[in-house]
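[1] fold the following.
(2 chains)
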Amino acid sequence: MSQVFESIFSTGFFFSVIRVATPLILASMGAVITSNAGITNIGIEGVMLVSALTGVFASAYGFGPWFGLLISIITGVLCSLAIGYVSMSLKADSALTCIAFNTMAVGGTVYFMYAVVKDKGTTIALNSGKLPSLEIPLIKDIPVLGEILSNHNVVSYMALVMIFVVYVLLYKTPLGLRIRSAGKAPNALSSVGVSFLKTRYIALGISGVLGGMAGAFMSMGYVTWFSKNMTAGRGFIALAADAMGNSTPLGAALSAMLFAIAEALSYALQITTISPELVQMLPYAVTILGLIIYSVKKSSSDKKKREQLAKN
Amino acid sequence: MSSYYKGHPQNLVKDIGYRMKEKVILKVENILKVYPNGIVANRNVNFEVYEGEIHALIGENGAGKSTLMKILFGIETPEEGRIILNGEEVKIENSKKAIGLGIGMVHQHFMLVDSLTIAENIALGNEPKKRGLFIDKAKMIKQAEEYAKKYNFKINVTDKIEDVSVGVKQKTEILKALVRGAKVLILDEPTAVLTPQETRELFAELKTLKKQGHTIIFISHKLNEIMEICDRVTIMRHGTTVETCYVKDTNPQEISNKMVGREIVLHVDKKPAKRGEVCLEANNLVYVNGIGKKMLDGVSLKLRRGEILSVAGVEGNGQAELAEVLTGMKVPINGTIKILGKEIKTFTPATMRGNKVTYIPEDRMRNGCAAKLSIMDNLFTDKIEKYLKLKIFLDRKKMKKQSEELVKDFKVKCSSINNQVQVLSGGNIQKVVAARELTEEAQIIIAEQPTRGIDAGASELIRRKIVEYRDKGAAVLLISADLNEVLELSDSAIVMHNGRINAYFKDTSTLTEEELGYYMLGVKNQSEEEVNAILCEK
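    Predicted structure coming up:
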C-alpha cells in the first residue's frame, strides 16, 4: 500500500495530472463556449480525433509540428462548422448529427491512415514529430513545484492560458455577451437585430479551434503518433466537465482537472494488485458521480427558485 | 367645426391649436395580409398616426391588431399595401430595418436574457467598447443610467433580469427600443402583465415619452386605459380598421359597439334547453399562474345536464385557466370541484376524464391531437382500452370500422383514415378532435374556442354537433371569444373579467352583443347577487 501512496504523492504523479488534463481542459473550454451559445456539441469528440490525424499528416508531409498544429486547428474549425451547417442550417437533429460525425470520424481516420501509411493501428511509421516542451524560467528552479509545473508540452501551457482567454471572451467582450444571449434567449438577440444563428456559428468555430488544439496535443504532444480512436471518449468527458462546471470556464477547468486526477490515479494504481480494469473504470465512475452531484444540486436549486417565485 | 365640437367651449381654441400642428408620422394604406394557411389576418387596413400622440389600437382577439404590428416591425410582410413613414414609402423587410427606421416594439412576451443585467440587455447588439475588443462596462452602465434618468424610469441597471419584477422587465424593453433611437414605439398589450400600481407607473412614463416627442402605438383591449391615456383610438374588427377617432370625442360604449359590431349573422337551429341535474359544480376556484398573477379569483358555477353555458370574456381574463382547471391540466390553489355531487380530490386529466369530462382544447395542434399520427390513431387516444384484443393488442379492425363511421359522421375531408392529421386543414383537424371528444359517454363537454380560425362549414358542423350532444344529455361549457357564437349557441352565459365572473345571464335569447361587450370590458358589472344566481338549483 505504501508503494501506492508513494507513487501518488510524488511530483511525477502531479506532473502527469497536468499532462493528462491538457486535452480535457482544451476540449472542455470548447464545450463551455458552445453550451453557452445553446449547443450541446457532442461532436467535439470526433473533431479532436480528425484534427489529431490531420495534424500528424501536416507535420510529417508539411513543415513540422507547428504547421501540424495550425492544420489541426483549421480542421477543427471546418469540422465544427460542418456539424453546425447540418444541424442548424439544414435542421437535422443535433445529437444525431454529432453521433454520426463521431462514428464517421472513427472509421474515416482509420481509412485515411491506412491509405497513407498502410497501417490500421498507428502512424508510428511516420516521423511526425512533437511539439516542444517548455522550461519555465524561475519556476523550474523552485523545488517540488518546479518539477510539477515546468517542462510541459507547449500545448499544456496554452491550455492553461485558454481558460483565461475563454473567461475573458465570454464575460468581457461583446461577442461573449452575444454568445451567452444566443444560448439563454435567442429571440432577445433577434429583437436587437443580431442573428443568433451567426453567433452560434462563431461559437462553434471557436470550439473547433480548441478541439483542434486538443487533437494536436493528443498526436503531437501526449504521444508522437496517431492511433485508432486515440481520443477514447475524452470529448465526452470534456462535455461532462462542462456540465459539472455549470458551463463556466473555471468550473469546467476544475472539473476537467478532477477527471484528470482520476485518470492519472488509474495509471498509478496499475502497479498494485487492484484489478487494472477496475482502476481504468475510475475516471468514468467519477464522471458519472460528478454528473449525479451536479444534477442533484441543480434540481434542488431549481426547486428553491420555484418556491421563491410562488411565495412572491 | 365648432358646431360638431363636443369638448368644453373653453378648450376649443386650445384643441383646434393642437389639431392644427398634427403631423402624420406613420401611415398605412390598404394593407392585405394572408397567412399561408389561407387566413386573412388584415384586409383594407388604413390608419394614420400623428407625431407625438399616444394612439390606441383596439379590437377583439383575432381582429388583426398583432398582425398589423408585426407588419410594422418587419416580422411579417404584407401581400399588398403601403407603409409611409415621415412622408416616404418604406419597405420593412425585417426587424433590423424597422429599428433602423426608428420603430421600436415592446412585445407582450419579453425578449430579454434573464441571466444578464438590465444594462447588458439594453446594450446587447451595440455594446460600447474599449481598446477595440472589450466591453466598456462602465460606459455601458452609464449609458443605461442616462437613458433611465432621461425618461424618468426608476430602475437599477445593474440588477439581473431574473431578479426583477415584470414591470421592470417591461421598462427594460422600452429602454432597449429608445436606446436604439425609436421614435415610434409599439406596445403590445403592455398592461396585460402588470399590477395596477405598475400600470400607473407605466402611464406616467408614457406621458414623459410623449412630452419628449415620441409617438406611441398602444395596443389594448382595456377601454378604461385607453380613455385615460390615449389621444386617439383606431378600432379594428375582423381584420379591418373600422374607424379612428379622438378619445375625447367618444365614450366607452361607442368604442365597444364598434368593436363587436355584428357582420356575419349566424344561426344555429336548436330546441330550447331541457335542463337536468347539476353535473359540474365549481366552488371558489383560485388559480395563480407562474408569475404570481391570480388568473382565477374565486370562480363558482354550476353546470347542468342539457344546457350550454358559455363563458365570454376578453382573452387573458381567466377563461383559459378555468378550462384547464376543470380538465385537470392545472391544479387550483383553492376551491373545490364536484362532478355529479362527488368531490374531485386529485386534479389530473386522468381523473377528470375518468369522470366523463371531455375537452376540445383551444390549441388543437399542441393539446388536441398528435399531428404526425393518423386520423384513426388520433380518434382513440382517450379510449384505447375499449379497442383491444386479448387486452394487449390493438383491435385495428374495430378501430377502422369505428373511424370510418366517425369520419363520415363528422364529414372529415380526407383521402383515407390513415392520413396524417397534420396534412388536413384546420377545420378538418378540429373535426377529428371533436369526433374524439363528442361521444355518447361524454357527460361534461368543455369546448374551448371550438371554431376559432376554421372555415364556416366546419364551424357550423361543430356547433351543430355540440347542440346534438347537449340534446343527448351532456352538459356543455363553451368558452368562446366569438360573441356571435356565444349568443347563438348557448342557453346561458357568464362573463369573466379579471379572473372573476362579473355577469351571469340565465337566458341569452334577449342578450345583445353590445351588452355583452360592456361586461367583457368591465364597463358594466353585475352585483354579486345577480352573478350568484348561477348557483341556484333551478
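[2] CA only for contacts and neighbour counts going forward, please
    OK.
[3] show me what the mean pLDDT comes to for the lengthiest helix in chain A.
    Using DSSP state H to define each element, chain A has its longest helix at helix A:276-311. Mean pLDDT, computed over helix A:276-311, is 73.
[4] how about stretch A:121-131?
    Average pLDDT, stretch A:121-131: 86.
[5] rewinding a little: if you count neighbours, what's buried in the longest helix of chain A?
    Under the neighbour-count criterion of 16 or more other C-alpha atoms under 10 Å in any protein chain shown, helix A:276-311 has A:Val279, A:Gln280, A:Leu282, A:Pro283, A:Tyr284, A:Val286, A:Thr287, A:Gly290, A:Leu291, A:Tyr294 buried.
[6] would you format those as a markdown table with distance to chain B included?
    Below are those laid out as a markdown table (distance: C-alpha to the nearest C-alpha, whole Å):
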| residue | distance to chain B |
| --- | --- |
| A:Val279 | 41 |
| A:Gln280 | 39 |
| A:Leu282 | 35 |
| A:Pro283 | 32 |
| A:Tyr284 | 32 |
| A:Val286 | 30 |
| A:Thr287 | 27 |
| A:Gly290 | 24 |
| A:Leu291 | 23 |
| A:Tyr294 | 19 |
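[7] looking at the residues you listed, which is nearest A:Ser247?
    Nearest to A:Ser247 among the buried residues of helix A:276-311: A:Tyr294, at 11.6 Å, using C-alpha to C-alpha.
[8] surely the closest one and A:Met244 touch.
    Yes. At 5.5 Å, A:Tyr294 counts as touching A:Met244 under the criterion of C-alpha atoms under 8 Å.
[9] what number of residues lie near the closest residue to chain A within the stretch 151-300 of chain B?
    Going by C-alpha to the nearest C-alpha, chain A is nearest to B:Gly292 of the stretch 151-300 of chain B, at 6.3 Å. By the criterion of other C-alpha atoms under 10 Å in any protein chain shown, B:Gly292 has 12 neighbours.
[10] what residues does the stretch 51-200 of chain B have near chain A?
    B:95-96, B:99, B:110-115, B:120, B:124-125, B:127, B:129, B:133-135 (C-alpha under 8 Å from any C-alpha of the partner chain).
[11] quick one: low-confidence residue ranges for the stretch 51-200 of chain B.
    Within the stretch 51-200 of chain B, the stretches with pLDDT under 70 are B:61-62.
[12] what about B:Ile501, helix or strand, and which?
    If you go by DSSP states H and E, B:Ile501 is part of strand B:500-505.
[13] tell me the mean pLDDT for that strand?
    Taken as a whole, strand B:500-505 carries a mean pLDDT of 92.
[14] work out for me the element the closest residue to A:Asn187 other than its chain neighbours sits within.
    Using C-alpha to C-alpha, 6 or more residues apart in numbering or on different chains and skipping the chain neighbours, the partner closest in space to A:Asn187 is B:Met111 (5.9 Å). Using DSSP H and E, B:Met111 sits within no helix or strand.
[15] for B:Met111, what are its contacts?
    Shown in contact with B:Met111 (C-alpha atoms under 8 Å, 6 or more residues apart in numbering or on different chains): A:Ala185, A:Asn187, A:Ala188, A:Leu189, A:Ser191, B:Glu173.
[16] buried subset of those?
    A:Ala185, A:Asn187, A:Ala188, A:Leu189, A:Ser191, B:Glu173.
[17] what pLDDT does the second one get?
    Spelled out, it's A:Asn187. 87.
[18] beyond the helix or strand hosting it, next helix or strand please.
    Secondary structure from DSSP H and E places A:Asn187 in helix A:186-191. Once the chain leaves helix A:186-191, the next helix or strand it forms, by DSSP H and E, is helix A:196-217.
[19] would that next one count as contacting chain B?
    No. Using C-alpha under 8 Å from any C-alpha, helix A:196-217 never reaches chain B; the gap is at least 10.8 Å.
[20] got the buried residues for that helix?
    Going by 16+ other C-alpha under 10 Å, helix A:196-217 has these buried residues: A:196-197, A:199-217.
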